[in-house]
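K.L.:
Got a sequence here, can you build the structure:
(one chain, ligands or ions: 1)
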Amino acid sequence: MIWLYQLVFYGVCFYLAESKIVKPRQETRKFPDGMLFGAATAAYQIEGAWNVDGKSENIWDRLSHQEPCVIKECHTGDIAGNSYYSYKRDVEMLRELGLDFYRFSLSWSRILPTSFPDKINAKGVQYYNNLINELLKYNIQPMVTLYHWDLPQKLQDLGGWTNPLIIDWFTDYSRVVFELFGDRVKYWFTINEARQICYEGYGTGGLAPMYNISGYAEYLCYKNILLAHAKAYHLYNDEYRSKQGGIIGIVTFVTWYEPESEEHSEAAEDMRQFDWGVYANPIFSKKGDFPQVMKDRIALKSMAQGFPRSRLPQFTPEEVELVKGTSDFFGLNHYTTSLVYRNESVNGYYVSPSQSDDVGVITYKDSSWESAASSWLKVVPWGLYKILTKIREDYDNPPIFITENGFSTLGGLEDDRRVAYYRNYLDVILDAMEEGSDIRAYTAWSLMDNFEWDNGYTERFGLYEVDYESPERTRTPRKSAYVYKEIVRTHTLDHHYEPDMSVPITIDEGH
Ligand code: GBH
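P.N.:
Sure, this is the predicted structure:
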């Protein structure tokens, strides 16, 4: 009898699927011709060569060498993907995929070993020149992030992003970079995920330098990073844009926060403002400045706790103006969604200050959501749709570059769940575009497996798998690489396309 029930059950499922009740979007859909597709990496996560050719120590070198170790499996980025030596293979992979651009980052301590422009390291510069020239040879645009988390250790010893002098240090470094590479690089990102640098680096201790000083340190960092970014933007705008002709902006990590029920919708909005409004509001809103809800809540809490002033530093009116409008596009890294409810119990009591107490909400993930290998990464495509809609409405429809989106596994070439993730997220991107969102570019994170920060090499995000046992760190395309290539080639999203992985991935004509 059981089989009969099963038959009926699967019959119903099949009917629902075919009738598009449970999977409404299965038709083949097109991206506009001008939409750019690329893939991303970051210096510390792939380069290796941590102490050669004049490069000095950065905060991830220091952290990953710490004993007893704090990185999973005691992994380090000492060799990583060996890209310092294998950059030609990296470009070959981009050509195999037929991509329009490559988003990568520069290592500050490789270019400026003293952290300052008194000495420019010719060999480090040569590496990036080689990479940029190799890309341009094949018509692949370099999209360059100036800072993706690998602060020179010396600057950390001087307080890192909590010392306001870093505004000048970063601007000086930016000038060197524009001078060196701006003749060929036309897309710049100042800072990757400023909020994660501050909150996870100085507040919760998840990322280097792993400080736990929440409620104070991340707020100092927020302000300094915004000003550093803004100064670098103005430098480019005033002195380089007219002769180099590029565009420049910041990259923000955006999570969707969904209220667990209607009554918590204000809590969800507060969380969005604390999490990414902290950068979006000062840069993209008409009024500028930190979000009002952050200013209000942190000031009130600080007072109740007996502080003489708000733990959130203020901007002067001149600084608000300096920061406003300093991004030519919205650089959007997106992975996942969380649920939110108001946590009233902490309101009004003296608890040790922290940002989560200041915002007064609890976030969590629905246990029914599919999980990637990274515990924080749940598959919720509609969250991205809501983000794109909100950005369009709140910030007057800015051009959007999706600068990261991707899924982690524990490894293996048959990565069907990554394939499904990409397809379902691209589907909602098309929905938002149909409704008017101005999305110019899409970037897969990541071109290849890499050092996943405190998780070392245990979580894999690559379209290409990296063999960390082989000395040259051999790269092999996963199924997702074949599928992404077909999406890019046809500018079409076809949920039914099945690649033949027995045929090696090759470079198509014109790439
Ligand atoms: C991006 O940031 C980075 O730009 C990139 O370098 C990275 O490899 C990629 O995403 C994939 O992770 O819930 O306490 O465990 C990701 C930033 C850092 C956000 C870890 C979520 C988890 C905090 N993420 N964080 S916790």
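
K.L.:
So which residues on the stretch 401-511 of the chain come close to the ligand?
P.N.:
Proximity of the stretch 401-511 of the chain to the ligand is confined to Glu404, Trp445, Glu452, Phe461 under the rule C-beta under 6 Å from any ligand atom. C-beta: built from backbone N, CA, C; applies to glycine.

K.L.:
now those residues in CSV, with neighbour count, pLDDT and secondary structure?
P.N.:
CSV is the format used below for those (neighbours: other C-beta atoms under 10 Å; pLDDT from 0 to 100; DSSP: H, G, I helix; E, B strand; the rest coil):
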residue, neighbour count, pLDDT, secondary structure
Glu404, 24, 99, strand
Trp445, 23, 99, strand
Glu452, 20, 98, coil
Phe461, 26, 99, coil
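
K.L.:
Tell me which two in those residues are the farthest apart.
P.N.:
Every pair in those was compared (C-beta to C-beta); the two farthest apart turn out to be Glu404 and Glu452, at 12.9 Å.

K.L.:
For Trp149, grab phi and psi.
P.N.:
Taking degrees, to the nearest 10, you get phi 90, psi -10 for the backbone angles of Trp149.

K.L.:
what sits against it?
P.N.:
Residues near Trp149 by C-beta atoms under 8 Å, 6 or more residues apart in numbering: Ala42, Tyr44, Ile59, Trp60, Asn192, Glu193, Ile197, Gly201, Leu207, Ala208, Trp453.

K.L.:
Quick check: the gap between the closest residue to the fifth one other than its chain neighbours and Pro353.
P.N.:
The shortest distance from Asn192 to any residue other than its chain neighbours is 4.2 Å, reached at His148 (C-beta to C-beta, 6 or more residues apart in numbering). Taking C-beta to C-beta, to the nearest Å as the criterion, His148 is separated from Pro353 by 29 Å.

K.L.:
what's the burial count for the residue nearest to Asn192?
P.N.:
By other C-beta atoms under 10 Å, 24 other residues sit near His148.

K.L.:
same thing with Ser327?
P.N.:
Ser327, neighbours per other C-beta under 10 Å, totals 25.

K.L.:
again with Thr506
P.N.:
8.

K.L.:
and the closest residue to it other than its chain neighbours, what element?
P.N.:
Closest residue to Thr506 apart from its sequence neighbours, by C-beta to C-beta, 6+ apart: Glu96 at 6.7 Å. If you go by DSSP states H and E, Glu96 is part of helix 83-97.

K.L.:
Let me know the average pLDDT across the helix or strand following that helix.
P.N.:
For helix 83-97, the succeeding helix or strand toward the C-terminus, using DSSP H and E, is strand 101-105. For strand 101-105, the mean pLDDT works out to 99.

K.L.:
again with stretch 501-511
P.N.:
Mean per-residue pLDDT for stretch 501-511: 95.

K.L.:
what does that stretch rub up against?
P.N.:
The contact list for stretch 501-511 (C-beta under 8 Å, 6+ apart) reads 92, 95-98, 138-139, 413-414, 477, 479, 481-482, 485, 489.

K.L.:
For Val52, give its distance to Gly462.
P.N.:
The gap separating Val52 from Gly462 is 24 Å, by C-beta to C-beta.

K.L.:
cool, and Phe31?
P.N.:
Distance from Phe31 to Gly462, counting by C-beta to C-beta: 23 Å.

K.L.:
what does His511 give?
P.N.:
As judged by C-beta to C-beta, His511 and Gly462 stand 20 Å apart.

K.L.:
Would you mind telling me which of these two has more residues around it?
P.N.:
The residue with more neighbours, out of His511 and Gly462, is Gly462; 30 against 16, by other C-beta under 10 Å.

K.L.:
for the more buried one, what are its contacts?
P.N.:
Ser446, Leu447, Met448, Asp449, Asn450, Arg475, Arg478.

K.L.:
Find the closest residue to the ligand in the stretch 351-500 of the chain.
P.N.:
Closest residue of the stretch 351-500 of the chain to the ligand, C-beta to the nearest ligand atom: Trp376 (3.8 Å).

K.L.:
Show the pLDDT at Ala304.
P.N.:
89.

K.L.:
Kindly export the one helix or strand Ile248 maps to (C-alpha atoms) in PDB.
P.N.:
If you go by DSSP H and E, Ile248 is part of strand 247-253. What follows is strand 247-253, C-alpha atoms only, in PDB (Å, rounded to 0.1, in the frame of the first residue of the first chain):
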ATOM      1  CA  ILE A 247      34.100  55.400 -11.900                       C
ATOM      2  CA  ILE A 248      34.400  54.800  -8.200                       C
ATOM      3  CA  GLY A 249      32.300  53.700  -5.200                       C
ATOM      4  CA  ILE A 250      32.000  51.600  -2.100                       C
ATOM      5  CA  VAL A 251      30.900  48.000  -1.500                       C
ATOM      6  CA  THR A 252      28.300  47.300   1.200                       C
ATOM      7  CA  PHE A 253      27.300  43.900   2.600                       C
END
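
K.L.:
Mind giving me the packing neighbours of it?
P.N.:
Counting contacts by 3 or more C-beta pairs under 8 Å, 6 or more residues apart in numbering; DSSP states H and E, strand 247-253 packs against strand 187-192, helix 194-198, helix 217-235, helix 278-284, strand 330-333, strand 400-404.

K.L.:
Quick one: closest of those to Pro259.
P.N.:
The nearest among the helices and strands packed on strand 247-253, by C-beta to C-beta, is helix 278-284 at 19.3 Å.

K.L.:
Format the CA atom coordinates belonging to that closest one as PDB.
P.N.:
Extracted C-alpha coordinates of helix 278-284, given in PDB (Å, rounded to 0.1, in the frame of the first residue of the first chain):
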ATOM      1  CA  VAL A 278      25.000  52.900   8.500                       C
ATOM      2  CA  TYR A 279      26.800  53.200   5.100                       C
ATOM      3  CA  ALA A 280      23.900  53.600   2.700                       C
ATOM      4  CA  ASN A 281      22.300  56.500   4.600                       C
ATOM      5  CA  PRO A 282      25.400  58.800   4.800                       C
ATOM      6  CA  ILE A 283      26.300  58.100   1.200                       C
ATOM      7  CA  PHE A 284      23.000  57.600  -0.800                       C
END
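
K.L.:
Buried residues, that helix. List them.
P.N.:
Within helix 278-284, the residues scored as buried using 16 or more other C-beta atoms under 10 Å are Val278, Tyr279, Ala280, Asn281, Pro282, Ile283, Phe284.

K.L.:
Check stretch 393-402 too.
P.N.:
Of all the residues in stretch 393-402, those buried under the rule 16+ other C-beta under 10 Å are Tyr395, Pro398, Ile400, Phe401, Ile402.

K.L.:
got the contact list for it?
P.N.:
So stretch 393-402 is contacted by 249, 280, 284-286, 327-334, 388, 391, 429, 436-443 (C-beta under 8 Å, 6+ apart).

K.L.:
The residues you listed, buried ones only, as a PyMOL selection?
P.N.:
Command for PyMOL that selects the buried part of the contacts of stretch 393-402, burial taken from 16+ other C-beta under 10 Å:
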select buried, resi 249+280+284+285+327+328+329+330+331+332+333+334+388+391+429+437+439+441+442+443
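
K.L.:
separation between Asn281 and Phe315?
P.N.:
Remark: distance between Asn281 and Phe315 (C-beta to C-beta) = 11 Å.

K.L.:
And the strands in the stretch 1-150 of the chain, which stretches?
P.N.:
29-30, 36-40, 101-105, 141-147 (DSSP state E, counting those that start in this stretch).

K.L.:
elements contacting the first one?
P.N.:
In other words, strand 29-30. Counting contacts by 3+ C-beta pairs under 8 Å, 6+ apart, strand 29-30 packs against strand 492-493.

K.L.:
partners of the strand it packs on in the sheet?
P.N.:
Next to strand 492-493 in the sheet, as set by DSSP bridges, lie strand 29-30 (antiparallel).

K.L.:
I would like the residues contacting the partner strand, please.
P.N.:
For strand 29-30, contacts defined as C-beta under 8 Å, 6+ apart pick out Asp427, Leu430, His491, Thr492, Leu493.

K.L.:
mind running it again at 10 Å?
P.N.:
By C-beta atoms under 10 Å, 6 or more residues apart in numbering, the residues outside strand 29-30 that reach it are Leu426, Asp427, Leu430, Asp431, Met433, Glu434, Thr490, His491, Thr492, Leu493, Asp494, His495.
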